[in-house]
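Dropping a prediction and its sequence here:
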Amino acid sequence: MKQLKNYIAGAWQQSKTTDYLEVINPATNALLAEVPLSLASELDQAATAASDAFTSWRRIPPTERIQYLFKLKTLLEEHREDLAKTITVECGKTLKESQGELQRAIENVEVACGIPTLMQGYNSEDISRGIDEIMIRQPLGVVGVIAPFNFPAMIPFWFFPYAIACGNTCIIKPSEKVPQTMEKIMELIDQTGLPAGVVNVVNGSKTVVDALLDHPTVKAISFVGSSPVAKYIYRRAAENGKRVQCQGGAKNPVVILPDADLEMTTRIVADSAFGCAGQRCLAASLAITVGSVKANFTDAIVDAAQQRVVGNGLEDGVQMGAVINQGSCDRIQSLIQTGIDEGGKPLVDGRNPQIPGYGQGSFVRPTLLQDIPLQGEVATTEIFGPVLGMIHADTLDDAIALVNQSRWGNMACLFTNSGAAARKFRYEAEAGNIGINIGVAAPMAFFPFSGWKESFYGDLHGQSQHAVEFFTQTKVVVERWPKEWSRQF
Ligand code: NAD
């Protein structure tokens, strides 16, 4: 069985660990590879390599640094199909979803290619007679990126292209559940001729993460994953004096008003709730119907849930793939039972589905639980599966109050034809990403990915100008040149 390697100081290295995890295709349960749970000493090696590389990398002009990113963009486009297939095979989502994910990754490379402009400082001449003041952005040094399983290609790209374009060097820790995608991406990065040590990949889990959080050479941590881990990482890295940004979990409400276009709304909400098998931090997981729309929307979404084609994401016509593994499948099914025990009505129950030819796969079909209690577990827990809870409100004000009582704040969406309602929702809803007649309000690469509340710990987010600010420190220079001054005054 293939054992994955780490990429340190410009070379692939076999880990010295004896501890390996199996990487599984969730649609078939086939064993794909083994991933090392690397040692803290291997993280230390990567940190040393990244630190050594930083000295010369930061001196390379930004206009030259981004040439590697232009090459990477071309390579990613050339290998798009192979990479998409790798994502689908280890992550379970459909090929179309994997292709979409890769496109988002590429767009972040494109934005990071604007670094010569994006990292410019500013200056004021004559803050006093003959004295000027200048603000310069400089890189931090070695930075760490810790990724979750659900977007193995896209999420590291919210961070590392900006980090290296700004002159930092970087260590990426991919999710141990889906490590093959980053292996393939690292092979492409290697082909760009990037100097050794600028990007390093160390596989593993908690031991490697903790070593990264504690390493004195590492100056900043970018994390995406579940909220409990986000909180832990935020605290531990901050205690060690590092700059930290941690994007966490979610429970995303979508509010449907009576004047919404029912056909479009149903299609979009179904895609949001069941796309990627509900394993998106921007998946709709709570539908709040308002007023008279309840009956019609319920009929339509029941139909959409029942019609969804579930199967191996590699096959044509499949609209929803497997969830990440059997453990996740069991957890989702047990939460559905909890929802029923709490009084929710299972309008569509997707447990224990028969997927012809894939009896060993980790599948849950779309599930709808109506009238779940507001304080119950299903309404408040991130299920991270294709389960849509449904609740009802009499007015838009009541619906917004329901949205705002949540401890999460990743995304909230409204479906309506009313500009006034949309404006009110945009103004009052407490979430960092808002959709108006949009079901997955994923910010483009030139906007920050703006979670709030327990969906985010930190201040600067991933992507865009936020990433540039996160990966640079400002230096202010106040200067006077006496001879120049005396000649003029
Ligand atoms: P996870 O928190 O289990 O793992 C994320 C990363 O943290 C992995 O690399 C893992 O190895 C590491 N990790 C896990 N437990 C750890 C521990 N105790 N100590 C140190 N490191 C640890 O998340 P996941 O299951 O891989 O991903 C799904 C989660 O990610 C969901 O909650 C989802 O909402 C969230 N997510 C959030 C966003 C966002 O932008 N807010 C985007 C994608 C995914």
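Okay, I see it.

Apart from its neighbours in sequence, what residue is nearest A30?
Spatial nearest neighbour of A30, excluding adjacent residues (CB to CB, 6 or more residues apart in numbering): I24 at 7.0 Å. (C-beta placed from N, C-alpha, C; glycine too.)

Please list all residues in contact with the one you found.
Applying CB atoms under 8 Å, 6 or more residues apart in numbering, we find I24 in contact with A30, L31, L32, E90, N325.

Same question for P386.
Counting by CB under 8 Å, 6+ apart, P386 touches A273, F274, A277, G278, M320, V323, I332, G350, V364, R365, P366, T367.

from those residues, which is closest to P356?
Nearest to P356 among the contacts of P386 is R365, at 13.1 Å by CB to CB.

Does I134 touch Q120 like I think?
No - counting by CB atoms under 8 Å, Q120 is not a contact partner of I134; they are 11.2 Å apart.

for the stretch 301-450 of the chain, what spans make up the strands?
345-348, 367-370, 387-393, 408-409, 411-415, 433-436 (DSSP state E, counting those that start in this stretch).

Mind listing residues that contact the second one?
Contact with strand 367-370 is made by 298, 301-302, 305, 336, 339-340, 344-351, 378, 385-390, as judged by CB under 8 Å, 6+ apart.

Give me the buried entries from those.
By neighbour count, with 16 or more other CB atoms under 10 Å, the contacts of strand 367-370 hold 298, 301-302, 305, 336, 339-340, 344, 347-351, 378, 385-390 as buried.

quick revisit: got the strands of the stretch 301-450 of the chain as a markdown table, with distance to the ligand and mean pLDDT columns?
Output for the strands of the stretch 301-450 of the chain, formatted as a markdown table (distance: least, CB to the nearest ligand atom, whole Å; pLDDT from 0 to 100):
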| stretch | distance to the ligand | mean pLDDT |
| --- | --- | --- |
| strand 345-348 | 23 | 98 |
| strand 367-370 | 18 | 98 |
| strand 387-393 | 14 | 98 |
| strand 408-409 | 9 | 98 |
| strand 411-415 | 9 | 99 |
| strand 433-436 | 9 | 98 |
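
ok, now which ones touch the residue of the stretch 151-300 of the chain found nearest the ligand?
Closest contact between the stretch 151-300 of the chain and the ligand, by CB to the nearest ligand atom, is at G225 (2.7 Å). When contacts are counted by CB under 8 Å, 6+ apart, G225 touches I146, A147, P148, C246, Q247, G248, G249.

again, only using 10 Å
146-150, 155, 175, 209, 232-233, 246-249, 281 (CB atoms under 10 Å, 6 or more residues apart in numbering).

can you narrow those to ones near the ligand?
The subset of those within reach of the ligand, by CB under 6 Å from any ligand atom, is I146, A147, P148, F149, N150, I155, S175, V209, Q247, G248, G249, C281.

The closest residue in space to the fifth one that isn't next to it in sequence: what's it in contact with?
On the basis of CB to CB, 6+ apart, the spatially nearest residue to N150 that is not a chain neighbour turns out to be Q279, at 4.6 Å. Under the criterion of CB under 10 Å, 6+ apart, the contact list for Q279 reads 91-93, 148-151, 321-324, 328, 332, 383-386.

let's go with 7 Å and repeat that
N150, V323, I324, F384, G385 (CB atoms under 7 Å, 6 or more residues apart in numbering).

among the residues you listed, who's most crowded?
Using other CB atoms under 10 Å as the neighbour test, the contacts of Q279 are led by V323, with 30 neighbours.

you'd agree F70 is in a helix?
Yes - read with DSSP: H, G, I helix; E, B strand; the rest coil, F70 is one of the residues of a helix.

so it touches G114, yeah?
No - F70 is beyond contact range of G114, at 11.4 Å (criterion: CB atoms under 7 Å).

residues from the protein in reach of the ligand?
Going by CB under 6 Å from any ligand atom, the residues of the chain near the ligand are 146-151, 155, 173, 175-176, 205-206, 209, 224-226, 229, 247-250, 281, 382, 384, 410, 449, 451, 455.

Show the contacting residues for I8.
Q45, A46, A49, N200.

got JSON lines for those, with secondary structure too?
Shown next, in JSON lines, are these (three-state DSSP):
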{"residue": "Q45", "secondary structure": "helix"}
{"residue": "A46", "secondary structure": "helix"}
{"residue": "A49", "secondary structure": "helix"}
{"residue": "N200", "secondary structure": "strand"}
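
quick revisit: what two of the ones next to the ligand among the contacts of G225 are the furthest from one another?
Going by CB to CB, the pair spanning the ones next to the ligand among the contacts of G225 furthest: V209 and C281, at 18.9 Å.

of the two, who's got more company?
C281 (27 against 23).

how far away is the residue of the stretch 351-489 of the chain found nearest the ligand from A467?
Nearest residue of the stretch 351-489 of the chain to the ligand, counting by CB to the nearest ligand atom: G451, 4.8 Å away. From G451 across to A467, the span is 14 Å (CB to CB, to the nearest Å).

E315 too?
36 Å.

and what of A105?
14 Å.

for stretch 468-483, the distance to its chain's centre please.
32 Å (CA atoms, centre = their mean, to the nearest Å).

do stretch 127-138 as well
That offset, for stretch 127-138, works out to 38 Å (CA atoms, centre = their mean).

ok so, going back, who has more neighbours, F70 and G114?
G114 (17 against 13).

Would you agree K5 is in contact with W12?
Yes - applying CB under 7 Å, one finds K5 in contact with W12, separated by 4.3 Å.

Compare the two (neighbour count), which wins?
Using other CB under 10 Å as the criterion, K5 and W12 rank with K5 on top: 18 against 14.

The more buried one: what's it in contact with?
With CB under 7 Å, 6+ apart, K5 has these contacts: W12, Q13, Q14.

Compute the distance between it and the ligand, please.
Per CB to the nearest ligand atom, to the nearest Å, K5 is found 17 Å from the ligand.

residue closest to the middle of this protein?
I155 (4.4 Å; CA atoms, centre = their mean).

helix/strand/coil for that residue?
Applying three-state DSSP: I155 is helix.

show me what contacts it?
So I155 contacts A147, P148, V224 (CB under 7 Å, 6+ apart).

So which of those residues is the closest to K184?
K184 has its nearest neighbour among the contacts of I155 in A147, at 14.3 Å by CB to CB.

Could you report the distance from the nearest residue to P216 once chain neighbours are set aside to F456?
Distances taken as CB to CB, 6+ apart place N240 nearest to P216, at 7.8 Å, with adjacent residues excluded. Per CB to CB, N240 is found 20 Å from F456.

And those two? Which one has more around it.
Neighbour totals were compared for N240 and F456, and F456 leads with 25 against 14 (other CB under 10 Å).

correct me, but the more buried one touches G249?
No - between F456 and G249 there is no contact under CB under 7 Å: 10.0 Å.

returning to what we had before: narrow the residues of the chain next to the ligand to those in helices?
I155, K206, V209, V229 (DSSP state H).

Give me the below-cutoff pLDDT ranges for this structure.
Across the chain, residues meeting the criterion (pLDDT under 70) sit at 484-489.

ok but C276 is inside a helix, no?
Yes - assessed with three-state DSSP, C276 lies in a helix.

quick one, what contacts K71?
T192.

That one and the ligand, how far apart?
Counting by CB to the nearest ligand atom - K71 and the ligand are separated by 27 Å.

Look up how far Q191 lies from that residue.
On the measure of CB to CB, K71 and Q191 end up 8 Å apart.

That concludes my questions; thank you for your assistance.
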